[in-house]
Every structure is written in structure tokens, then in C-alpha cells.
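S.K.: Sequence below, structure please.
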Amino acid sequence: MGTTEPAPGPVGPELSGGEAAHLRDLSPRQWKSGAAAWLGWLFDGLDMHLYVLVAAPFVSELINAASPKDPAVGYYSSWIQAAFLIGWAVGGGFFGRIADRLGRSRALTLTILTYALFTGLSYFAHTWWQLLVFRFLAALGIGGEWAVGAALLSETWPRRWRPWMAAVLQTGVNLGVMLASLANFLLAAYPPRTVFLVGVLPAFLVLWIRRAVPEPEEWQGAKQVSGSQSGPGFGDLFRDPIRRTTILTLLVCSFALTAHWAFLFWYLQHLRNLPDLNGWTDAEKSQLVSKAMWLVVGTSIAGNFLAALIARRLKYRRAIAVLCVTYFLSMVATYGAPRRHDDMWYGLMAVGLSQGVFALFTMYLPPLFPTLLRTTGAGFCYNFGRIAAGLGTVLFGLVSQVGDYRLALLYSSFLFLPAAVIALLMPDVPDEQPIGPLAD
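M.R.: Numbering: from 1, shown residues only. Purely as a prediction, here's the structure:
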């Protein structure tokens, strides 16, 4: 089956894009859809970063290592992170397909239940491979939630607000990461595994979503006119007229996400093992790691809105290229030479600002694909990059000296350069237009 969709029937206000002029003009169902997507992303950020914060001490405990600096700790912890990122990729495609067939709201509840359940079960891991399995399964839900939440917001809120919507939605992830850091900070005196119990909280969100959040009219209309229960299939992503878009999206996401996740995983391990922290207690190191993450995440929130402003001026693909280059330059400046922990703060702030590039993917990718392939296409293409990111986390870690991951961070940053070039080759969103700031 091809990807061409029949002409739609009568169009309601939300099916036509919900082009409200002011926030006060939004309908109750638009507010509910926006809240569901944002809260889903908030808990995404919480659950995805709990492991990163405690990887070294927790894996050290699981393998009975003498110290978190044992090379075996870096080896096994990187494979656990690789499994997580691969699970994220699989979940993006799997739950994206479910969302296109069964609906956005239904799929959203399944993704949240999945990552809440298996994040909580990580507390009970007693071997490194058990933790790997739990993180893989939790990632299925996290990857699926990214695609479903992005499509839900894209289909219900005004199209001309998309860059600002992307910035706001990405702040949900940022604040979720900060909550994870807060949990780690407050629980620093407890065993590292304790933080995973916090990851069960998102399950309570499901009760509200199933009761209050309807399916988008755009999805319902496309489903009705398709005349089929299944609609276009996965293979249509690699057929005309969207094959070129699919391939370019896969490439730019693979390069950018590999570099990004290499930073997200290794910068905290590198910070924890710096020579000037010798003599610090594990609790003191955990608190420093939390402060560093707060700094990066706090500046990345500002970076989300900076990215939206750049996209307003340059359009998405050029803005993505510019921010990939700034991310590269920021990492080179931070990790180009050995530094003490108190000499890295400005570099980490620059990296955080550059991370706004990933907010742009949120609203840029879904409209590139037909409605009944939207979450399948955006979810698969964006999250497929995490398979490369997972393998890259391991490979870049292998090139580093024991306990010193500066070279892994430095070498991985060069992947942002081909990502920038490929971004310039991607298409503009069909209805993309200059964006003004949100009205009151």
C-alpha cells in the first residue's frame, strides 16, 4: 500500500490545525492533550536518567568490583546503557506503529505503564544482566512515548506555534532530568538502587490520561477515510514519495544522537572520576554529579527557547545544522584538554544551550510523514539513531583510559559535523512559516 492518503472529509477546528490566536482560545481537549504529552515527557526524563546518575556505583555493586574505577564497571555499565538505547529505538518503532493503528491516547498509556513498571523493577536487579534486561524493557516505553507525545501535540495544537511548542515540550524532559537529579541528591546516603523506586510514579498518570484525553480529530479523520484498519505499512517509509526523507532523517538522527548520548552518559562518569576528587566520599561525588546535571539541564531549558528562536528565523533544518555545530564546538572547548572539575562549568553551560537542537526534532519530524505513518515514521527514524548511539557509547568508552572518559567525549563530538551537513539536505515542513512569539 502506498502512503498517499485520500482527501479528508469535513474538517473540525483541531483537524485543521487548531489555529488559535491566543492561549485563551485553546479548547479544553487541546489543553488536555498538551498536558498529557508534557507530563509523559516529564516522566520520560525522570526515568531515563536515573541509571546515568548511579551507573558507576550500582554496577560496581552488582559485579562485586573493588572500586567504581574498575575497568569492568565502565565496560558493563556501557553495555547496559547500550541495551537501553537499543530498546528505546525498538520501542519508538513498535509503539509508533500501535499509535498509528489504535490511537495516540491508547498508545500513550501503554508506553507510560511500560517504562514505569520496568524502571521500578530495576531496584530488584541482583546481577548486571538483570539490570540490562530491565533497562531495555523500560526503554521500549520511553522510546514509544517520545513518538506518541510528539504526534499528539503536533496534531492538536496550532501549527504556527510548533517551534515554541517543541521548546515547551522539551522542558518536560529537562525538568524530569532535574527531578531525577533531585532524587539522587536526596537519596545519596541510601544504596544507589533506591532511586529506581522513584521511577514508578508515572504509572499514576495513566489513570487520568485514559479518562480525560481523547484521540486527536486529525488521526480519527485520517483513520476514517483510509477505509482500512491497518492503513499504510512500515515498508512504505522506504517507498516514494517519502523514501528520501526517511533515509536523511535516519542519518541525521544517528549521527546527532550518538554524539549526544555519548556526552549524556560519559560526562558524569568522567566528572565522578576526576583526579581532583580523590578523597571525596561517594555521597559527596553523587551530590556533585547532581549539581552538574542541574547545570546542564537548566541551561538546556534556555537552549530549547533559543533553538525555537533560531528556527523562527532560519527554519528547522538550518537551525538544526547551526546547533549541531555549536554542540561540537562546546564539547571540543570542554574536553579538548584535561581540566579540573571547577574549570568545566562554563563549558557544560555551553553544551546545555546547544542541546536545544533536540527540541526542534519534536515538531519538525512528525509533519514530514503522512498522518497514518506519523508516529511510525517519526518514532522509527528518530529512535533508530539510538541504536547507533548505544553502540557508540560502548565503542567510545573503549578508547578511553580507565576512569578517564575525556577522549570518549572529545572524539564523539565530531559526529555533530556530518549531522549538520545532512540536516541541510532535509526538506522543509510543508506548512512551515515564520513564527511570532506566543500571545498571552
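S.K.: how distant is the helix or strand harbouring Gly92 from the center of its chain?
M.R.: Here Gly92 sits within helix 71-102, counting by DSSP states H and E. Here the centre of helix 71-102 is set off from its chain's centre by 11 Å, with C-alpha atoms, centre = their mean, to the nearest Å.
S.K.: can I get the CA coordinates of the following helix or strand past that helix in PDB?
M.R.: Moving toward the C-terminus from helix 71-102, the next helix or strand (DSSP H and E) is helix 104-121. Provided in PDB are the C-alpha atoms of helix 104-121 (Å, rounded to 0.1, in the frame of the first residue of the first chain):
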ATOM      1  CA  ARG A 104      -2.500   8.200  20.300                       C
ATOM      2  CA  SER A 105      -4.100   8.200  23.700                       C
ATOM      3  CA  ARG A 106      -4.300   4.500  24.000                       C
ATOM      4  CA  ALA A 107      -0.600   4.100  23.000                       C
ATOM      5  CA  LEU A 108       0.400   6.800  25.400                       C
ATOM      6  CA  THR A 109      -1.000   4.900  28.400                       C
ATOM      7  CA  LEU A 110       0.800   1.700  27.300                       C
ATOM      8  CA  THR A 111       4.200   3.400  26.900                       C
ATOM      9  CA  ILE A 112       4.000   5.100  30.300                       C
ATOM     10  CA  LEU A 113       3.000   1.900  32.100                       C
ATOM     11  CA  THR A 114       5.800   0.000  30.400                       C
ATOM     12  CA  TYR A 115       8.600   2.400  31.500                       C
ATOM     13  CA  ALA A 116       7.200   2.900  35.000                       C
ATOM     14  CA  LEU A 117       7.000  -0.800  35.700                       C
ATOM     15  CA  PHE A 118      10.400  -1.800  34.500                       C
ATOM     16  CA  THR A 119      12.200   1.200  35.900                       C
ATOM     17  CA  GLY A 120      10.800   0.200  39.300                       C
ATOM     18  CA  LEU A 121      11.800  -3.400  38.800                       C
END
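S.K.: what's the average pLDDT for helix 104-121?
M.R.: Average pLDDT, helix 104-121: 89.
S.K.: and the following helix or strand past it, what other elements does it pack with?
M.R.: With elements assigned by DSSP H and E, the helix or strand that comes after helix 104-121 is helix 128-156. Applying 3 or more C-beta pairs under 8 Å, 6 or more residues apart in numbering; DSSP states H and E, one finds that helix 128-156 contacts helix 28-62, helix 71-102, helix 104-121, helix 162-186, helix 217-226, helix 357-364, helix 374-398. Glycine gets a C-beta too; all of them are placed from N, C-alpha and C.
S.K.: that older thread, what comes up buried for the helix holding Gly92?
M.R.: Neighbour counts over helix 71-102 (16 or more other C-beta atoms under 10 Å) mark 73-74, 76-102 as buried.
S.K.: Against Pro427, how distant is Pro241?
M.R.: Pro241 sits at a distance of 10 Å from Pro427 (criterion: C-beta to C-beta, to the nearest Å).
S.K.: Equivalent analysis for Pro275, please.
M.R.: Pro275 is 48 Å from Pro427, where distance means C-beta to C-beta.
S.K.: more neighbours, the two?
M.R.: Pro427 (14 against 10; other C-beta atoms under 10 Å).
S.K.: which residues does the residue nearest to the spatial centre of the chain contact?
M.R.: By C-alpha atoms, centre = their mean, the chain has its centre lying nearest to Trp146, at 6.6 Å. The contact partners of Trp146, taken as C-beta atoms under 8 Å, 6 or more residues apart in numbering, are Trp41, Asp44, Trp88, Gly92, Gly379, Tyr382, Asn383.
S.K.: Give me the neighbour count for Gln220.
M.R.: 17.
S.K.: Same question for Ala35.
M.R.: Ala35 - counted by other C-beta under 10 Å - has 15 other residues nearby.
S.K.: Could you find the closest non-adjacent residue to Thr98?
M.R.: Just to correct that, residue 98 is Ile rather than Thr. Among residues not flanking Ile98 along the chain, Ala107 sits closest, at 4.7 Å (C-beta to C-beta, 6 or more residues apart in numbering).
S.K.: roughly how far apart are the one you found and Phe380?
M.R.: Where Phe380 is concerned, Ala107 sits at a distance of 14 Å (C-beta to C-beta).
S.K.: just Phe361 next, same as before
M.R.: 13 Å.
S.K.: Pro71 too?
M.R.: 35 Å.
S.K.: ditto for Asp428
M.R.: Where Phe380 is concerned, Asp428 sits at a distance of 21 Å (C-beta to C-beta).
S.K.: More neighbours: the two, which one.
M.R.: Phe380 (26 against 13).
S.K.: Please list all residues in contact with the more buried one.
M.R.: Gly92, Gly93, Gly96, Phe234, Leu237 are the contacts of Phe380 under C-beta under 8 Å, 6+ apart.
S.K.: just checking, the last one touches Gly377?
M.R.: Put plainly, it is Leu237. Yes: using C-beta atoms under 8 Å, Leu237 is in contact with Gly377, at 5.5 Å.
S.K.: Which residues are in contact with each of those two?
M.R.: Thr246, Phe369.
S.K.: And these two? Which one has more around it.
M.R.: Legend: neighbour count by other C-beta under 10 Å for Leu237 and Gly377, higher for Gly377 (29 against 23).
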